[in-house]
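**Student:** using only what follows, build the 3D model:
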Amino acid sequence: MKKKLLAPALAGVTALALVGGVGLATALQTHDVTLSVDGAARTLSVREDTVADVLELEGVEVGAHDVVLPAAGTQVSDGLEISVQHAYPLQLTVDGSTREVWTTARTVGEALGQLNLDDADSKLSASRSASITRDGLTLDVVTAKDVTLVAGGKSQPVTLAGTVADLLDAQGITPDADDIVTPAATTSLTDGLEVKYVAVEVSTSTKDVAIAFDKQSKKTSELDKGTTKVQTKGVDGLKRETWQTVTHDGKVVSSKKTAEEVVKKAIDQVTLVGTKTAPKASSDSSSTTGSSSSNLSPAVGNTCKASYYWDPQPTASGERFNTWDFTAAHKTLPFGTRVKVTNKANGKSTIVRINDRGPYVAGRCLDLSTAAMKAIGGTSAGVVTVTWEKVG
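**Tutor:** Numbering: from 1, shown residues only. Alright, predicted model coming up:
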């Protein structure tokens with residue numbers, strides 16, 4: 001009986017040994033896997049059952065935003081590739097709107113690509129090659145806007161990100177203090193915005209302007225009443241005016257005088273006005289000062305032009321000229337010669353005494369005193385045609 005019982009017992013022991021051997025072999029089995037953490041890969045031989053076990057074995061901590069492929073519960077097998085990509089925080093402001101995003105990208109450019117914000121015209125606060133570290137990154141993004149620029153009176157569409165100042169700079173426009181920019185240079189660009197730039201030039205120039213002289217009259221008893229003589233000839237003065245001219249895009253919009261300076265004063269013209277009344281002419285034909293009479297017979301013989309003069313001055317004979325004496329100037333007749341003079345226009349005659357030389361104007365032979373010219377009615381004309389003859 002004992003032998004019969006021993007065989008089953010030995011069989012049982014053998015079975016347990018076989019089961020234990022299989023479990024031990026399974027427990028001792030290893031798997032070759034590749035573990036990549038943020039792009040750094042290495043090959044491992046592990047006995048762990050799941051991806052999570054392998055990560056725990058290697059001390060790889062996984063956060064809520066990190067990406068693990070395949071999933072943490074996946075069974076480990078030979079040749080398995082495990083990838084872990086840590087996600088870093090990105091404080092992202094797009095056109096003034098701020099939010100926090102988590103990204104597995106390692107550069108700004110990669111992050112923008114993941115977020116569909118990789119427009120080449122956008123303006124960034126960091127370069128596209130800037131790294132994103134575990135501490136994260138703050139990034140401002142200003143997207144390009146479709147605007148209209150009006151400059152020099154011409155409109156053109158522009159797509160750009162930034163401010164009005166950035167737009168002008170991109171177009172090679174550098175405003176100075178006088179130029180007009182609307183809206184203000186610090187204004188952010190928005191879709192549909194119209195930006196106007198007006199080039200303003202302020203220039204200063206000078207010009208010389210004549211100052212007209214004034215006219216004055218002075219009465220004098222030295223001249224016959226009704227006659228005048230310029231004592232001081234008028235001379236225009238000169239003033240220098242300063243003008244400020246403003247142009248917008250080359251067109252004059254204003255021009256005003258800002259100052260003036262008198263360079264040369266004007267000289268007033270002074271005219272003497274005679275007040276002397278002529279004495280009555282003597283009817284005595286033998287008078288030494290001459291005579292006039294409607295009863296005198298007309299002179300015969302020589303014909304020429306006669307003028308008259310009135311300035312008090314020494315005569316060629318040495319005596320003081322008196323315009324109210326019946327005297328005359330002749331180029332050659334001896335001093336003291338008495339000459340009858342007849343105005344051919346009206347037949348009036350007078351007798352004068354030669355006491356001076358002249359006149360020295362072509363076509364004239366006599367220069368009468370005022371009294372003599374008045375006697376023959378010629379002062380209004382100034383120059384008359386006369387017939388003359390010597391009478392003594």
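**Student:** end to end, how far does stretch 98-110 reach?
**Tutor:** The first and last residues of stretch 98-110 sit 19 Å apart, counting by CA to CA, to the nearest Å.
**Student:** repeat for stretch 131-147
**Tutor:** 33 Å.
**Student:** in the sheet, who's paired with residue 81?
**Tutor:** Note on residue 81: beta-bridge partners by DSSP bridges are residue 34.
**Student:** my guess is it contacts residue 31, does it?
**Tutor:** No. Look at residue 81 against residue 31 with CB atoms under 8 Å: they stay out of range, at 11.9 Å. Every residue, glycine included, has its C-beta placed from N, CA and C.
**Student:** these two: which has the busier surroundings?
**Tutor:** For residue 81 and residue 31, the more surrounded residue by other CB atoms under 10 Å is residue 31, and the numbers stand at 17 against 12.
**Student:** from residue 73, how far out is the more buried one?
**Tutor:** 16 Å (CB to CB, to the nearest Å).
**Student:** residue 247 too?
**Tutor:** Counting by CB to CB - residue 247 and residue 73 are separated by 78 Å.
**Student:** pick out whichever of these two has more residues nearby.
**Tutor:** For residue 247 versus residue 73, neighbours defined as other CB under 10 Å are more numerous around residue 247 (16 against 10).
**Student:** burial count for the nearest residue in space to that one that is not next to it in sequence?
**Tutor:** In space, residue 247 comes closest to residue 201 once its chain neighbours are excluded; the distance is 4.7 Å by CB to CB, 6 or more residues apart in numbering. For residue 201, the neighbour count with other CB under 10 Å is 14.
**Student:** pLDDT score for residue 201?
**Tutor:** For residue 201, the model assigns a pLDDT of 93.
**Student:** swap in residue 293?
**Tutor:** 49.
**Student:** look up how far residue 172 lies from the residue nearest the centre of the chain.
**Tutor:** A centroid search over the chain (CA atoms, centre = their mean) returns residue 201, at 0.4 Å, as the residue closest to the centre. Distance, residue 201 to residue 172, by CB to CB: 18 Å.
**Student:** ok, now residue 381?
**Tutor:** 79 Å.
**Student:** more crowded one of the two?
**Tutor:** residue 381 (13 against 6).
**Student:** hang on, residue 165 in a helix?
**Tutor:** Yes. Assigned with DSSP: H, G, I helix; E, B strand; the rest coil, residue 165 falls within a helix.
**Student:** could you measure from the residue nearest to it when sequence neighbours are not counted over to residue 179?
**Tutor:** Spatially, and ignoring its direct neighbours in sequence, residue 165 is nearest to residue 185 (4.0 Å; CB to CB, 6+ apart). Distance from residue 185 to residue 179, counting by CB to CB: 10 Å.
**Student:** over to residue 105?
**Tutor:** 43 Å.
**Student:** what about these two, which has more around it?
**Tutor:** Using other CB under 10 Å, the more surrounded residue of residue 105 and residue 179 is residue 105, with 18 against 15.
**Student:** the more buried one and residue 118 touch, don't they?
**Tutor:** No. Assessed by CB under 8 Å, residue 105 is found out of contact with residue 118, at 10.9 Å.
**Student:** next one: the strand or helix carrying residue 99 to chain centre, how far?
**Tutor:** Assigned by DSSP states H and E, residue 99 falls within strand 97-103. The chain centroid and the centroid of strand 97-103 are separated by 48 Å, computed with CA atoms, centre = their mean, to the nearest Å.
**Student:** quick one: list the elements packing against that strand.
**Tutor:** Applying 3 or more CB pairs under 8 Å, 6 or more residues apart in numbering; DSSP states H and E, we find strand 97-103 packed against strand 88-94, helix 108-114.
**Student:** where along this structure do the helices fall?
**Tutor:** 2-28, 51-57, 108-114, 164-170, 370-375 (DSSP state H).
**Student:** avg pLDDT for the fourth one?
**Tutor:** Summarised as a single mean, pLDDT over helix 164-170 is 93.
**Student:** which residues are contacting it?
**Tutor:** 123, 147, 149, 158, 160, 174-175, 181, 183-187, 189, 195, 197 (CB atoms under 8 Å, 6 or more residues apart in numbering).
**Student:** if anything else comes up later, I'll come back, but that's it for now.
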